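Enquirer: predicted model, plus sequence, below.
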Amino acid sequence: MSLLKNIHSPADLKRLSPEQFPELCQEIREQILAVVSNVGGHLASNLGVVELTVALQYLLDSPKDKIVWDTSNQAYTHKLLTGRREQFHTLRQYGGLSGFCKREESVYDTFNAGHAGTGVSAAFGMVEAREQRGEKHKVVCVVGDGAMTAGMTLEGLHHAGGTNKDFIVVLNDNQMSISRNVGAISAYLNRTFTGEFYARMREETGQLLRKIPHIGLEVQKIARRAEELAKGAILPGLLFEELGFQYAGPIDGHNFEHLLPTLENVLKMKGPVLLHVITKKGLGYQAAMDNPVWFHACPPFVRETGVPAKKAVRPSYTSMAVDALIKVARQDKRVVAITAAMCEGTGLNAFEKEFPDRIYDVGIAEQHAVTFAAGMAAQGMKPVVALYSTFLQRAYDQVVHDVATQNLPVTFCIDRGGLVAEDGTTHHGAFDFAFLRHVPNMVVAAPKDENELQHMIKTCVSFDGPASVRYARGVSLGVPMDPEPTALPIGKGELLREGTDVAIVAIGVTVWPAMKAAERLAQEGISAAVVNARFAKPLDSELILKTAKNVRCLVTVEEGCKMGGFGSAVLETLSEAGLMLRTKVLGLPDWYIEQGPQDLLRERYGLTADGIYNSVKTLFGAGVVADDAARLASLVGSLPHGDEQGS
Ligand SMILES: Cc1ncc(C[n+]2csc(CCOP(=O)(O)OP(=O)(O)O)c2C)c(N)n1
């Protein structure tokens, strides 16, 4: 008889006795493994928090009490216990459950996340909202040791610790970010339960006490016990105590005999409290315990062997970018690479192999990564910051204020530009063209394929100012590669195809689909020019205007948001030149893009060859500009008015 099947909400969990929890946890792990091996996902982190989640849901009164999951990549058990077991098989799929917490999905999801380090701030906001509203409930934030390296987590602790408000932070310490955690805080936490410090302290105390005749052994035992307590009560917590939190722990996050009574006590404590829980990533699945890095966020895999279900047919853009970077770094000793806890994701582990002394993992600290790069650049280095587009959002001011105002030669390798698929809303790289192209001094490049990518990496690194190159998630196209990366002329696009009816001006991964669309249009007698813009900034205005002058309409294509993006740049250029022609911007709309396979999303947003073909055809078939002017004039009278109506 399954225990999990009978849990439809935390109320059902409360009907079980704690003796049944180990069996329940086994069922949960089985369920997570069955689904994630099929659809992919954040396996290792989730297997590590099964007991912790059960204990929290058992002791808290959610949704009245609020549980905030930082990053929320570890919320699968939470989903299974809060009424989503039957949909769990749809995890991360189009129209299915999100891999992260989503308020739209459940009242038990208190805060949407996907980026690390937001939990403490959001949860403390809930604490103060509770106080303002005169409510009485508990607020618990679960934050990983990786997210502890994020500046915002420390900002949140700093704020909360300066108050005496009731607030519980559970530090879920598995000693891993995606890969092994880095930095001083991580080293500090590590010392708390494995460190030499304790071994030495125990040894020294023991030696001292053994020297005292008769009572030595007895006292030594008592001292050991005192030391165990001290271990939890004094030293590991010092940092948090100094930040105004009462510290409890560290405790074993897989042992209900530790978890339940400690949590029960902590929940009764007044003021800000931090409970330090030690967990193991991947617990219950040997392959994930052996390789928690790969299983942090894995594609579908074969359960029996732990190997990927599908083999990649070609190298990814990520690995091609890093191959090029390695070549460039061989020629220029000033080149160093910087990652914010994403050594594997950005492919920089390959760079690290060749240049172990020229790579910096700064933790989940994108803001610091960018300003740190600026500092290095100010002293004559050529730093390359490799970040996912979505995570660069966090360092916008650092790009503007610390890099670009000083025109410093920092290269941004922007990985996962565009649609990223299953991670969905929080992870799509939709905004980088828009938030970089208005930054003075910044070069914004995007290659049409991996060969151009290698040249753009060289271009950016050779440039004496801030430059970015954005590339897509997924496998490269398999185009022939030039033997060496060579710098391209900055601000120059290429005319891939001449045309006299329409112009398609595309950038990045949309260029080849645009070419395909042009071929199809040609078969129907429509002559389409195709421009590969290469740079969203500086834009090749000359080429665009020259091409636009010969055609009746123009379509821009990008895998990024339409508002303020590459297409907007082209429209601005046409407008500056006073060139009036029928235009259309293809890209992502003004809403958050859902999760789903890249191909499906590209189709949905009209960015495939067929989508581009359809848009061009509709635009071209809709008449000429003079007709439009008449149509507009007739529409004006019938347009709805704004707020002033009736006044
Ligand atoms: C701002 C930001 N940068 C990078 C990431 C990528 N990322 C996802 S999970 C993760 C590690 C989180 O480690 P930890 O907080 O310890 O949680 P765990 O997964 O170990 O439970 C990273 C770096 C992210 N989600 N957000």
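Expert: Received it, and whenever you're ready, just let me know what you need. Numbering: from 1, shown residues only.
Enquirer: from here on, just use CA atoms for contacts and neighbour counts.
Expert: OK.
Enquirer: which element is Ala548 on?
Expert: helix 541-549 (DSSP states H and E).
Enquirer: what is that helix packed up against?
Expert: strand 502-506, helix 566-576 (3 or more Cα pairs under 8 Å, 6 or more residues apart in numbering; DSSP states H and E).
Enquirer: listing partners with orientation, what would you give for the shortest one?
Expert: It stands for strand 502-506. strand 528-532 (parallel), strand 553-561 (parallel) (DSSP bridges).
Enquirer: would you reformat those strands as CSV and include distance to the ligand, mean pLDDT and mean neighbour count?
Expert: Output for those, formatted as CSV (distance: least, Cα to the nearest ligand atom, whole Å; pLDDT from 0 to 100; neighbours: other Cα atoms under 10 Å):
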stretch, distance to the ligand, mean pLDDT, mean neighbour count
strand 528-532, 31, 98, 26
strand 553-561, 20, 98, 26
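Enquirer: so which of those strands is nearest His438?
Expert: Closest to His438 of these, according to Cα to Cα: strand 553-561, at 14.2 Å.
Enquirer: mind listing residues that contact that closest one?
Expert: 417-419, 429-434, 501-511, 514, 548, 566-567, 570, 581-590, 607, 612, 616, 619-620 (Cα atoms under 8 Å, 6 or more residues apart in numbering).
Enquirer: wait, doesn't Asn255 sit right on Glu51?
Expert: Yes. Under the criterion of Cα atoms under 8 Å, Asn255 makes contact with Glu51 at 7.5 Å.
Enquirer: between those two, which is the more surrounded one?
Expert: The residue with more neighbours, out of Asn255 and Glu51, is Glu51; 24 against 14, by other Cα atoms under 10 Å.
Enquirer: could you find the closest non-adjacent residue to that one?
Expert: With Cα to Cα, 6 or more residues apart in numbering as the criterion, Glu51 has its nearest non-adjacent residue at 5.5 Å, and that residue is His254.
Enquirer: so that neighbour touches Leu52, yeah?
Expert: Yes. With contacts counted by Cα under 8 Å, His254 reaches Leu52, the gap being 7.0 Å.
Enquirer: more crowded one of those two?
Expert: More crowded of His254 and Leu52, by other Cα under 10 Å: Leu52, with 26 against 21.
Enquirer: for the more buried one, list the residues it contacts.
Expert: Contact analysis of Leu52 by Cα under 8 Å, 6+ apart lists Gly253, His254, Leu259.
Enquirer: how many other residues sit next to the first one?
Expert: The local packing count at Gly253 equals 25, with neighbours defined by other Cα under 10 Å.
Enquirer: how about low-confidence regions in the chain?
Expert: For the chain, the stretches flagged by pLDDT under 70 are 192-236, 623-647.
Enquirer: the ligand contacts on that one?
Expert: 45, 71, 74, 114-116, 143-147, 174, 176-178, 341-342, 364, 391 (Cα under 6 Å from any ligand atom).
Enquirer: helices - which of those residues land there?
Expert: Ser45, Phe391 (DSSP state H).
Enquirer: next one: phi and psi at Val335?
Expert: phi -80, psi 120 (degrees, to the nearest 10).
Enquirer: ok, now which ones touch the closest residue to it other than its chain neighbours?
Expert: Nearest residue to Val335, sequence neighbours excluded (Cα to Cα, 6+ apart): Lys382, at 4.5 Å. Counting by Cα under 8 Å, 6+ apart, Lys382 touches Arg334, Val335, Val336, Met376, Pro409, Val410, Thr411, Val461.
Enquirer: before we move on, the earlier item: the residue nearest to Glu51 looks like it's in a strand, true?
Expert: No. Under DSSP: H, G, I helix; E, B strand; the rest coil, His254 falls outside any strand and is assigned coil.
Enquirer: need the contact list for it.
Expert: Val49, Val50, Glu51, Leu52, Thr279.
Enquirer: dump the strands paired with strand 502-506 into JSON lines; add distance to His8 as well.
Expert: Below are the strands paired with strand 502-506 laid out as JSON lines (distance: least, Cα to Cα, whole Å):
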{"stretch": "strand 528-532", "distance to His8": "53"}
{"stretch": "strand 553-561", "distance to His8": "39"}
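Enquirer: wait, which of those strands is closest to Gly183?
Expert: Gly183 lies closest to strand 553-561 among the strands paired with strand 502-506, at 34.1 Å (Cα to Cα).
Enquirer: the closest one to helix 541-549, inter-axis angle?
Expert: 130 degrees (axes from the mean of the first three to the mean of the last three Cα atoms, to 10 degrees).
Enquirer: next, the angle from strand 553-561 to helix 566-576.
Expert: Relative orientation of strand 553-561 and helix 566-576, computed by the same axes, to 10 degrees: 140 degrees.
Enquirer: what's around the closest residue to Gly380 other than its chain neighbours, how many residues?
Expert: Nearest residue to Gly380, sequence neighbours excluded (Cα to Cα, 6+ apart): Arg334, at 7.4 Å. Residues lying near Arg334 (other Cα under 10 Å) number 14.
Enquirer: what of Ala548?
Expert: 25.
Enquirer: quick one: contacts for it?
Expert: With contacts defined as Cα under 8 Å, 6+ apart, Ala548 is in contact with Val502, Ala503, Leu554.
Enquirer: what's across from the second one in the sheet?
Expert: Taking DSSP bridges, one finds Ala529, Leu554 as the beta-bridge partners of Ala503.
Enquirer: looks like Val302 contacts Ala309 (just checking).
Expert: Yes. If you go by Cα under 8 Å, Val302 and Ala309 touch, sitting 5.5 Å apart.
Enquirer: the two: who's more crowded?
Expert: Neighbour count, other Cα under 10 Å: between Val302 and Ala309, Ala309 has more, with 15 against 12.
Enquirer: nearest spatial neighbour of that one, chain-adjacent residues omitted?
Expert: Phe301 (4.3 Å).
Enquirer: I'd say that neighbour and Gly41 touch.
Expert: No. The criterion here is Cα under 8 Å, and Phe301 misses it with Gly41 at 10.2 Å.
Enquirer: between these two, who's got more neighbours?
Expert: Per other Cα under 10 Å, whichever of Phe301 and Gly41 has more neighbours is Gly41, with 27 against 19.
Enquirer: OK, contacts around that one?
Expert: Arg92, Gly99, His296, Ala297, Cys298, Pro299, Pro300.
Enquirer: for the residues you listed, work out which two are farthest apart.
Expert: Farthest pair in those, by Cα to Cα: Arg92 and His296, 14.9 Å.
Enquirer: what distance do you get for Thr500 to Gly611?
Expert: With distances taken as Cα to Cα, to the nearest Å, Thr500 is found 21 Å from Gly611.
Enquirer: neighbour count winner among these two?
Expert: Gly611 (19 against 16).
Enquirer: so what does Leu588 look like in phi/psi?
Expert: Dihedral angles for Leu588 - degrees, to the nearest 10 - are phi -90, psi 140.
Enquirer: name the nearest residue to it, ignoring sequence neighbours.
Expert: Cys561 (4.3 Å).
Enquirer: that neighbour and His428, how far apart?
Expert: Taken as Cα to Cα, the span from Cys561 to His428 is 10 Å.
Enquirer: can you check Gly606 too?
Expert: Using Cα to Cα, Gly606 is found at 16 Å from His428.
Enquirer: neighbours of Val616, how many?
Expert: So Val616, with other Cα under 10 Å, has 27 neighbours.
Enquirer: I meant Ala160, not that one.
Expert: Applying other Cα under 10 Å, we find 26 residues neighbouring Ala160.
Enquirer: please apply the same query to Ala622.
Expert: Neighbour tally, Ala622, other Cα under 10 Å: 12.
Enquirer: identify the residues contacting Val370.
Expert: Under the criterion of Cα under 8 Å, 6+ apart, the neighbours of Val370 are Val385, Ala395, Gln398, Val399, Asp402, Val403.
Enquirer: right, I'll call it a day here.
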